[in-house]
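*Asks:* here is the input, now give the coordinates:
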Amino acid sequence: MTKLFYNDKQIVGLDISSTGIKVMAIDTKRWLVLGYGSMDLEPIKVKESLEGDSTYLADNIKTLIKERLVGSLPSNHVAIGIPTARSYSRTFTLPISVEKNLKDAVELEVDQYVPIPASTLNIDYQIIERNKKEIIVLMSAVAKTVADRCIAAAEGAGLVVSMIEPGISAVARLIKNTEDGHLPSVIVDIGPASTDIAVMDGGVVRVTGGITIGGNTFTLDIAKKLGVTLENAHQLKVLNGLNAGPRQDKIKKAIDPSLSQIIVETRRVMRYYDDRISNGRKLEQLLVVGSGSNMPGIGEYFTNELIMPARVASPWQKLNFGKLPEPVRQFRSRFITVAGLSSIAPGSIWK
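*Replies:* Below is the predicted model:
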């Protein structure tokens with residue numbers, strides 16, 4: 001593919017997670033949503049598609065675009081977001097003298113920090129800062145099998161893949177454009193089945209982490225502890241959550257063990273940034289995003305636990321749905337990753 005032929009194609013976001021797929025197209029000059037849609041999927045079948053020869057993903061992407069789309073898509077060129085848990089992102093500092101042999105230096109870092117062989121990974125990297133003595137390199141890697149299967153699924157649905165990136169990088173792009181993204185920020189993306197954590201500094205993701213606890217975990221915790229159905233537990237979570245009220249203590253006690261594990265992982269990511277990357281810059285804010293962010297009181301919980309300003313991000317104020325019906329408020333947060341993917345300026349892919 002060359003810039004000559006592909007530069008003017010509008011990029012469509014395609015978010016693939018373990019629990020579903022989303023698609024969205026945005027005219028970034030006007031921040032106008034042109035089309036969007038989502039489908040819930042069976043996690044076991046998604047896993048089979050990412051690790052075997054199943055056409056489950058491709059078949060459902062086709063169905064989503066043909067039958068579940070609100071609005072329309074301006075092209076078939078997509079940027080794919082893959083589960084952050086299946087990728088590795090890291091920032092590291094190197095002496096400027098190694099720049100001539102940067103590929104070898106990056107592979108040494110990969111061998112040291114990534115638990116699978118470099119030969120099985122697709123590795124990308126870029127210099128994001130430099131001075132007279134050092135360069136700071138951002139590296140991202142994903143297993144070739146996962147990348148290949150995601151690309152094959154998209155192509156099987158008639159799409160052309162322009163780029164592929166970890167979902168948290170797409171979230172960071174949207175936040176950079178809508179939420180004081182120039183500030184050193186912690187991003188906590190609570191999805192249905194997992195939580196991705198990242199530090200963004202200067203509009204770039206510097207370090208990532210994650211844990212297999214998400215919004216569905218909270219629902220299960222509430223159902224077990226309070227002895228209610230999953231449906232009732234979900235209602236308690238999204239209507240009452242951690243807000244003050246007669247049920248607050250019971251709900252908080254139910255989900256506290258899971259939330260505490262997210263706090264531990266968040267602290268670990270923040271500590272890595274402070275110790276290895278910050279260069280004296282202080283983390284200024286924590287932004288909660290994803291489907292799990294619709295739990296009342298979640299921002300205050302992070303503020304109290306981490307003693308730093310935290311809130312639920314609201315990038316939707318910038319997005320204009322025009323004449324399209326907007327997603328129902330309680331489901332809007334699940335579109336944040338795909339909105340980030342679709343906010344890529346086409347020409348920037350080729351820089």
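
*Asks:* following the longest helix belonging to the chain, which helix or strand comes up?
*Replies:* Looking across the chain with DSSP state H, the single longest helix is helix 248-272. Next in sequence after helix 248-272, counting helices and strands by DSSP states H and E, comes strand 285-289.

*Asks:* residues in contact with that next one?
*Replies:* 171, 175, 179-180, 183, 185-190, 266, 298-299, 302-303, 306, 308-313, 333, 336 (C-beta atoms under 8 Å, 6 or more residues apart in numbering). For glycine as for every other residue, the C-beta is placed from the backbone atoms N, C-alpha and C.

*Asks:* inside helices: which ones of the residues you listed?
*Replies:* 171, 175, 266, 298-299, 302-303, 306, 336.

*Asks:* any quick PyMOL command for the buried ones out of these?
*Replies:* Only the buried entries of these go into this PyMOL selection, using 16 or more other C-beta atoms under 10 Å:
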select buried, resi 171+175+266+298+299+302+306+336
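
*Asks:* okay if I get the ones in helices among the contacts of strand 285-289 as a markdown table plus pLDDT?
*Replies:* Formatted as a markdown table, these follow (pLDDT from 0 to 100):
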| residue | pLDDT |
| --- | --- |
| 171 | 91 |
| 175 | 90 |
| 266 | 97 |
| 298 | 95 |
| 299 | 95 |
| 302 | 97 |
| 303 | 97 |
| 306 | 97 |
| 336 | 90 |
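
*Asks:* quick check, nearest of the ones in helices among the contacts of strand 285-289 to residue 273?
*Replies:* Ranked by distance to residue 273 (C-beta to C-beta), the ones in helices among the contacts of strand 285-289 are led by residue 266 at 10.9 Å.

*Asks:* pretty sure the closest one contacts residue 196?
*Replies:* No - using C-beta atoms under 8 Å, residue 266 is not in contact with residue 196, being 10.7 Å away.

*Asks:* who touches both of these two?
*Replies:* 188, 209.

*Asks:* and the longest helix of the chain, how far from the chain's centre?
*Replies:* Put simply, helix 248-272 sits 19 Å off its chain's centre (C-alpha atoms, centre = their mean, to the nearest Å).

*Asks:* what of stretch 135-144?
*Replies:* 16 Å.

*Asks:* list the buried ones in that stretch?
*Replies:* 135-143.

*Asks:* pick the one among the residues you listed closest to residue 206.
*Replies:* Residue 206 lies nearest to residue 138 out of those, by C-beta to C-beta, at 7.3 Å.

*Asks:* tell me the SS of the closest one?
*Replies:* strand (DSSP: H, G, I helix; E, B strand; the rest coil).

*Asks:* tell me where the model's unsure across the stretch 201-350 of the chain.
*Replies:* The model of the stretch 201-350 of the chain has pLDDT under 70 over residues 346-350.

*Asks:* in the stretch 101-250 of the chain, which spans are strands?
*Replies:* Along the stretch 101-250 of the chain, counting by DSSP state E, counting those that start in this stretch, strands occupy 121-130, 134-143, 160-166, 185-190, 195-201, 204-211.

*Asks:* for residue 322, find the nearest of the ones you listed.
*Replies:* strand 160-166 (24.3 Å).

*Asks:* list the helices and strands the longest helix of the chain packs on?
*Replies:* With contacts taken as 3 or more C-beta pairs under 8 Å, 6 or more residues apart in numbering; DSSP states H and E, helix 248-272 sits against strand 185-190, strand 195-201, strand 204-211, helix 215-226, helix 230-239, helix 298-306.
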